[in-house]
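**Student:** only geometry, no sequence info:
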């Protein structure tokens, strides 16, 4: 029986040959600019005093719903610092956005699942991608790597595909300001128990899932040479604003389904329950979905499976039997053909169809994620090989045991109620250089990898 | 004694020869995009119903201070329609600006005194101008005419002057949305008694007199080849935000004064009294100021001349003696050397220095204004000749009589308390094609014209 190390080596060699054969992937919808500011205590204290310390402290006790004043901004940042907890709020006021822009940033990074996946698949794997960018300012365009990354433009009614850097529209910046602080960061008498970040999103487009005209009026034209699609960004919607965008997403899905183009939904925690419900209602139009335990539990809540939802969050590592049961319920309820579950330490995939290529795609994805965590950034498919040196997660053995006992899995593959279940232990990087965009790396690499193995 | 028609003809011929000799004018600070929307009843009614009719009607009874919701926007538009009265409010909420941008516009026009003057002086008269544009997006750049119009950019610390269309920054749109309606425009049971407009300003830059880095760090470099300067835009400030920009304006004035570059302040109605006061305090650093009766009256209020302020607004045409008295008080109080008063029907100029060129410059300005009103747009200096056919304002004769009786003016020129007073009747276009930017045309043409006659 091959060891996990051997399976890993075999998977990466297969992927290096097959992934470049994928000819076109559509990526929608959320792309934005992440502007990272490394907070400085003295600077932040001066700003808090200038804005009015008392009011700022008030908001650091209880977060506002959204940000309309500078003291609410500074108070929310202080809220995160005092607890070492992450938080994200919409910045509604333009003068506050003006203040944030003048406060500035230390580093700009690609943000939004679609944008991050475009750079990975197009810029690193060399797979041609067409990406939806709600607003393509020059600041946003410059965050795209070189490589076969395209945005559609309409020139006298005809769709033309160009690299984002060649786009010369006059569009706005969708900036998510990320205020980062290390463990022990001090502001007045407060000290951060853990490193974390507060995100102020100065973005009217991703937050309302604004979909560009090219993806509404000329979608069939845009996807002419596309073989796969990955959609994300629905999580930002609320019961007040989901209707219009959902109509467009459904019409896009209809066109993709007509052309039998497999579509993956990259799920993300969706605070609004009504929207979560609506996502479930359309999940049947997707071929595949990717999620973690928090997201899977939030879906079980909607399906009325409160007990199972609790189970999913009760153990570390997450109980694989509870995960499989939840995935079975989701698959039967919605008809989605592939569910890729990823948690820290192992992945599972439940599929309507059989084959080792499902497992091998998970292995390829885990290696890509490990390489990214190890190096902060990967620049080529071949570079992912270096992650084979990272040790396999030993804690996953107990998980494998449970699955073997319950479903008789062998070499990571088993059957349950007519579905295939595939399992892999992941590779754990002790001191990751960066964890940003890891989820998107995992899901997109697995989905593309699996498809490429069938070519 | 030459008739006004002869004086007009002589003035325009002089100006056509001399104005092109002016080598460089600096224009600061307010430039923005005017986006004009011609309202449609059915569309507006649908939007009001969707936003919530009751709440919209509430705001049409009493204007909010600023705009933070769509119903406040629609309510404020309805406020103007119901009264046929103009109003302007700051749009603070980004989602409302997003709504306005998607609602769109029918026409884009250059907005802001600096931008309008740049197109006139540079684009029509061919006088090289350097203009301050707070944010130079492509939408803004495309509103500049071709011609010697320059914006300064910093390239490795060095100032370079380029045409706005060559600027390739990634800057925001400062849009003033102008919702226009004709007389008799109907919305539900309401009907507009007169044509007018509501302006929603989606602009964080001009409203806070944001001054670009090039005009702060490298100002002396920027004005190397400048002979004159015209500044405007201070009117938008409030007691909360005037301090920082005023410091920069004062430092700019110091540099201009050191170089003995005459600076004209294009006054505009300044709602905030504290700011009006501060403008008076710096008026002595200006060579010249341009204003109308409403603005002059608002200044008299600050100087405690309540009675005179009332006098200025009590008669039609405005009483020229009250105007002269007010100008004398202003000149003595501040030391400003030239005051150009313009009202519908006549202009006056009070100057520390003597010479017919002051009057002739007023004549040139009045012709330029008439040509603009007649044609909507002028495209060359020579074209202004066509306005000589427009009749001189007969009602101004009674004004001339009063000035003759009081100050013994001859051919429009007289003396009072050591100052020269120059008077001209204007040319009245019965059905003006457009009145937008007329004030800026008058003031800048007169100031440049007068200077050009001394070359």
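**Tutor:** That came through, no problem. Just so you know, these numbers come straight off a predicted model, no measurement behind them. Numbers count the residues shown, from 1 in each chain, chains lettered A, B, ... in the order given.
**Student:** what residue in the stretch 201-350 of chain A comes nearest to chain B?
**Tutor:** In the stretch 201-350 of chain A, no residue comes nearer to chain B than residue A:204, which is 3.9 Å away by CB to the nearest CB. Heads up, the C-betas are built off the backbone N, CA and C, glycines and all.
**Student:** which ones are touching that residue?
**Tutor:** Residue A:204 sits next to A:174, A:210, B:94-95, B:97-98 when contact means CB atoms under 8 Å, 6 or more residues apart in numbering or on different chains.
**Student:** run the last query once more with 6 Å
**Tutor:** B:94-95, B:98 (CB atoms under 6 Å, 6 or more residues apart in numbering or on different chains).
**Student:** neighbour-wise, which one of the residues you listed leads?
**Tutor:** residue B:94 (22 neighbours; other CB atoms under 10 Å in any protein chain shown).
**Student:** if I read this right, that residue contacts residue A:93, doesn't it?
**Tutor:** No. Counting by CB atoms under 6 Å, residue B:94 stays clear of residue A:93, with 7.1 Å between them.
**Student:** tell me the SS of residue A:434?
**Tutor:** coil (DSSP: H, G, I helix; E, B strand; the rest coil).
**Student:** cool, and residue A:247?
**Tutor:** helix.
**Student:** over to the one 3 residues further on?
**Tutor:** Classification of residue A:250 by three-state DSSP places it in helix.
**Student:** secondary structure class for the residue lying closest to it once chain neighbours are set aside?
**Tutor:** Closest residue in space to residue A:250, ignoring its immediate chain neighbours: residue A:282 at 6.2 Å, by CB to CB, 6 or more residues apart in numbering or on different chains. Following three-state DSSP, the label given to residue A:282 is helix.
**Student:** beta partners for residue A:427?
**Tutor:** residue A:392 (DSSP bridges).
**Student:** quick check, it in contact with residue A:386.
**Tutor:** No. Counting by CB under 6 Å, residue A:427 stays clear of residue A:386, with 11.0 Å between them.
**Student:** and those two? Which one has more around it.
**Tutor:** Taking other CB under 10 Å, residue A:427 and residue A:386 do not tie; residue A:427 has more neighbours (23 against 15).
**Student:** pull the contacting residues for that one.
**Tutor:** Residues counted as contacts of residue A:427 (CB under 6 Å, 6+ apart) are A:366, A:370, A:387, A:390, A:392.
**Student:** just the ones of these in helices?
**Tutor:** In helices, judged by DSSP state H, the following of those are found: A:366, A:370.
**Student:** now render the contacts of residue A:427 as a markdown table, adding pLDDT and distance to residue A:47.
**Tutor:** Shown next, in a markdown table, are the contacts of residue A:427 (pLDDT from 0 to 100; distance: CB to CB, whole Å):
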| residue | pLDDT | distance to residue A:47 |
| --- | --- | --- |
| A:366 | 97 | 42 |
| A:370 | 95 | 39 |
| A:387 | 95 | 41 |
| A:390 | 93 | 41 |
| A:392 | 94 | 47 |
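**Student:** follow-up on the earlier one: so where does the residue of the stretch 201-350 of chain A closest to chain B fall, helix or strand?
**Tutor:** Under the criterion DSSP states H and E, no helix or strand holds residue A:204.
**Student:** most surrounded residue in the contacts of residue A:427?
**Tutor:** Busiest of the contacts of residue A:427 [other CB under 10 Å] is residue A:366, holding 29 neighbours.
**Student:** distance of that residue from residue B:399?
**Tutor:** From residue A:366 over to residue B:399 the distance is 88 Å, taken as CB to CB, to the nearest Å.
**Student:** what of residue A:316?
**Tutor:** To residue B:399, residue A:316 is 89 Å away according to CB to CB.
**Student:** neighbour count for the two, which is higher?
**Tutor:** Taking neighbours as other CB under 10 Å, residue A:316 and residue B:399 compare with residue B:399 leading, 22 against 11.
**Student:** how about that one, what does it touch?
**Tutor:** By CB under 6 Å, 6+ apart, the neighbours of residue B:399 are B:317, B:320, B:346.
**Student:** closest one of those residues to residue A:180?
**Tutor:** residue B:346 (63.6 Å; CB to CB).
**Student:** where does the closest residue to the closest one other than its chain neighbours land on pLDDT?
**Tutor:** Excluding its sequence neighbours, the residue lying closest to residue B:346 (CB to CB, 6+ apart) is residue B:396, at 4.5 Å. For residue B:396, the pLDDT comes out at 93.
**Student:** contacts only, for residue B:396.
**Tutor:** Counted by CB under 6 Å, 6+ apart, residue B:396 has contacts B:345-346, B:425.
**Student:** state the distance from it to residue B:4.
**Tutor:** Distance from residue B:396 to residue B:4, by CB to CB: 9 Å.
**Student:** confirm that residue A:341 sits in a helix.
**Tutor:** No. Using three-state DSSP, the assignment for residue A:341 is strand, not a helix.
**Student:** what does chain A put close to chain B?
**Tutor:** A:92-95, A:98, A:137-139, A:170, A:204 (CB under 6 Å from any CB of the partner chain).
**Student:** try 10 Å this time
**Tutor:** A:66, A:68, A:90-99, A:101-102, A:137-142, A:168-173, A:202-205, A:207-208, A:210, A:241 (CB under 10 Å from any CB of the partner chain).
**Student:** my read is that residue A:80 contacts residue A:74, right?
**Tutor:** No. When contacts are counted by CB atoms under 10 Å, residue A:80 is not listed as touching residue A:74 (11.1 Å).
**Student:** please say which of those two ends up with more neighbours.
**Tutor:** Neighbour count, other CB under 10 Å: between residue A:80 and residue A:74, residue A:74 has more, with 27 against 23.
**Student:** how about the contacts made by that one?
**Tutor:** By CB atoms under 10 Å, 6 or more residues apart in numbering or on different chains, residue A:74 lies in contact with A:44, A:47-48, A:50-53, A:55-57, A:59-60, A:67, A:99, A:179, A:187, A:198.
**Student:** apply 7 Å and report the result again.
**Tutor:** A:47-48, A:51, A:56 (CB atoms under 7 Å, 6 or more residues apart in numbering or on different chains).
**Student:** in helices, which of these appear?
**Tutor:** If you go by DSSP H, the contacts of residue A:74 have A:47-48, A:51, A:56 in helices.
**Student:** where along the stretch 201-350 of chain A do the helices fall?
**Tutor:** A:214-217, A:219-222, A:243-258, A:273-282, A:293-302, A:306-312, A:320-334 (DSSP state H, counting those that start in this stretch).
**Student:** which helices and strands does the fourth one pack with?
**Tutor:** Using 3 or more CB pairs under 7 Å, 6 or more residues apart in numbering or on different chains; DSSP states H and E as the contact criterion, the neighbours of helix A:273-282 among helices and strands are helix A:243-258, helix A:293-302.
**Student:** how about a cut-off of 6 Å?
**Tutor:** Applying 3 or more CB pairs under 6 Å, 6 or more residues apart in numbering or on different chains; DSSP states H and E, one finds that helix A:273-282 contacts helix A:293-302.
**Student:** excluding chain neighbours, what is closest to residue A:111?
**Tutor:** Per CB to CB, 6+ apart, closest to residue A:111 is residue A:34, 3.6 Å.
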